[in-house]
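K.L.:
here you go, sequence then predicted model.
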Amino acid sequence: MKKIILVLTLIFSVFIFSEPIRKISVTGNAEKEVMPDIAKMNFRVYTKNEDLKKAGQENSQNMENFKNELKKKNIPLGNIETYNYYTQKTSERDTAESKKTEYYTTLYFAIKVTDLTKIPDLISLSESNKIKSLKSDSTDKSIYYGEINRNNPEKATAISDTFKVYDNVKSQLARLGISGNDISVYSYSTVSKETVDNKPLKTKDYHNVYNDFVLELKDINKINDVIKIAENNKINIQGSIAFDISNKEKIESELYNTAYEQTKTKAASILKSSEMRLGDPLVVSESISYQNLAIQQDYNYSRQIAQSEMSYDEDMRVNSAGISAKMMAPAPKPQVDYKPQVIKLTQNVSVLFEMK
C-alpha cells in the first residue's frame, strides 16, 4: 500500500514541476503566375444508322481517321481517353414519302354564244371535259367564262394537259357551229403546292452511337488546328476547354518550400528580441489555390464571335460594287482565338513551432 502511494506521489510531482510547452504560430505564402502550356479538350463522335453495327463501325472509323490525321500533321498529344460511350435507339417519322410537290395550272377562257339553243350543249360539253366553272357575263348574257384546272408533279405536264383540254373544247365547239374567233384565252397561271398524301407516315428506328472523349493537347497553339481536323471527321467539340500546366507538381513543391521557409524566417524574426530560440514544428497545415483567369475565356469566346460577325456585317454595308463582290463569296466563319490567360498559383502554409 505504501509503495502505491509513493508511485502516485512521484507522478503528481512530475505534473507539478514540468514546464508547459511554449508554442508560436506563423503563416507563409508564395505566389507564382504561370502561362498554361497544355489544354484538355472534350469531343463527341456521334453517328446514326438503322443498323447498330454500321453505326458503331462508322463511329470507330471517324475516331480512327481523326487520330491518323492528328498524327500525320505532327500534333503533339498526351492521352486520348474515352470517358463515356453509349448507344440510344430512337424512332423518327419518315416524311419523305408522304410529301410531294404538285403544280396546278389554271386557264381562263371566254366564249361568245349568240345562238341560245346551243347553251345546253355548251353545258354538257363543259361537264364532259371537267371544266371547273362556266358562268355568263353579268351584263352581256351572250358571253360565258370558263375555267380549266389541271395538276401534275411536273410543271410542263400540268401546263400541257391544261392546254390540251382547251384545244379539245375548241374542237367540240367548232362542231357545234361556234367559230374559233368566238373563243379566247384571257389568262392562265401555274403555282406549286406541297401536298401530303393520305398514306400513313412510316416510322424508322435508328441506332445512335455516342463516343465522348477527352484529348490532352501539349501545344495550345494548335487548338484551332485540332478543332478543324475534328470537324473534317464529323467530330464536335463539347463544352469548354480546360487549360493546365504540365509541370504543376514541380511548381507546387517549389511554392511549398518557399512558403515554409518564409514561416521559419518570420518565427525567427519574432524570437530575435527574446532569449528563446525556435524549436521543431509541431503542426504544419497547407493549402493551394488557383486563380485560373482562363475561365473567363468562355465569355470572351462568345464576344469574339459576335465581334467577328459584326465586322462582317459592317463590311457588307458598303457601296453597291463592294456588296456585289462580297455577296458572291460565302460569309467567313469567325475564327475563335483560344489563347488562355495566366494562371495564378497561391500556396499558403501555417506552422505551429515549439519555442525553447
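P.N.:
Sure, I can see it. On a predicted model such as this, the values are computed, not experimentally measured, just so you know. Numbering: from 1, shown residues only.
K.L.:
any idea which helix or strand comes after the longest strand anywhere in the chain?
P.N.:
The residue-count maximum for a strand in the chain (DSSP state E) belongs to strand 77-94. Using DSSP states H and E, the helix or strand that follows strand 77-94 in sequence is strand 99-112.
K.L.:
give me the mean pLDDT for that following strand.
P.N.:
Mean pLDDT, strand 99-112: 87.
K.L.:
paired strands for it, with orientation please.
P.N.:
With DSSP bridges as the test, strand 99-112 is paired with strand 143-152 (antiparallel), strand 183-196 (antiparallel).
K.L.:
list the buried ones in the next helix-or-strand element following that strand?
P.N.:
Using DSSP H and E, the next helix or strand after strand 99-112 towards the C-terminus is helix 119-128. By neighbour count on 16 or more other CB atoms under 10 Å, the buried set for helix 119-128 is 121-122, 125-126. Where you see a C-beta, it was placed from the backbone N, CA and C, and this is true even at glycine.
K.L.:
and among the strands paired with strand 99-112, the most buried is which?
P.N.:
Of all those, strand 143-152 has the most neighbours on average by mean count of other CB atoms under 10 Å, namely a mean of 18.
K.L.:
ok and that one relative to helix 119-128, angle-wise?
P.N.:
Interaxial angle, strand 143-152 versus helix 119-128 (axes from the mean of the first three to the mean of the last three CA atoms, to 10 degrees): 10 degrees.
K.L.:
helices of the protein, start to end?
P.N.:
Counting by DSSP state H, one finds helices in the chain at the ranges 2-17, 52-72, 119-128, 155-175, 223-232, 248-271, 297-316, 320-327.
K.L.:
same for the longest strand of the chain, what does it pack against?
P.N.:
For strand 77-94, the helices and strands in contact under the criterion 3 or more CB pairs under 8 Å, 6 or more residues apart in numbering; DSSP states H and E are helix 52-72, strand 202-217.
K.L.:
between strand 77-94 and the last one, find me the angle.
P.N.:
The one in question is strand 202-217. Orientation of strand 202-217 against strand 77-94 (the same axes, to 10 degrees) gives an angle of 170 degrees.
K.L.:
contacting residues for Val351?
P.N.:
By CB atoms under 8 Å, 6 or more residues apart in numbering, the contact list for Val351 reads 25-28, 260, 263-264, 267, 281, 283-285.
K.L.:
please apply the same query to Val284.
P.N.:
Val284 neighbours (CB under 8 Å, 6+ apart): 260, 349-352.
K.L.:
same check, this time on Ser91
P.N.:
Contacts of Ser91 by CB under 8 Å, 6+ apart are 203-206.
K.L.:
closest to Ser179 among the contacts of Val284?
P.N.:
Within the contacts of Val284, the smallest distance to Ser179 is 113.6 Å, found for Val349 (CB to CB).
K.L.:
isn't the closest one right up against Gly28?
P.N.:
Yes. Val349 is within contact range of Gly28, at 5.0 Å (criterion: CB atoms under 8 Å).
K.L.:
identify the contacts common to the two.
P.N.:
Shared contacts of Val349 and Gly28, defined by CB under 8 Å, 6+ apart, comprise 259-260, 262-263.
K.L.:
related to what we said a few turns ago, can I get the contacts of Val284 in CSV with distance to Lys89 and pLDDT?
P.N.:
Converted to CSV, those look like this (distance: CB to CB, whole Å; pLDDT from 0 to 100):
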residue, distance to Lys89, pLDDT
Tyr260, 58, 91
Val349, 55, 92
Ser350, 56, 93
Val351, 60, 91
Leu352, 62, 90
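K.L.:
selection in PyMOL covering whichever of those residues are buried, please.
P.N.:
If you want just the buried ones from the contacts of Val284 in PyMOL, going by 16+ other CB under 10 Å, the selection is:
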select buried, resi 260+349+350+351
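K.L.:
counting neighbours, what do you get for Cys89?
P.N.:
Rather than Cys, residue 89 is Lys. 9 (other CB atoms under 10 Å).
K.L.:
does it have beta-bridge partners, and which?
P.N.:
Here Lys89 sits in beta bridges with His207, as judged by DSSP bridges.
K.L.:
would you agree it is in contact with His207?
P.N.:
Yes. Contact between Lys89 and His207 holds when scored by CB under 8 Å: they sit 5.7 Å apart.
K.L.:
so what's Phe15 scoring on pLDDT?
P.N.:
Reported pLDDT for Phe15: 43.
K.L.:
and if you look at Asp298?
P.N.:
40.
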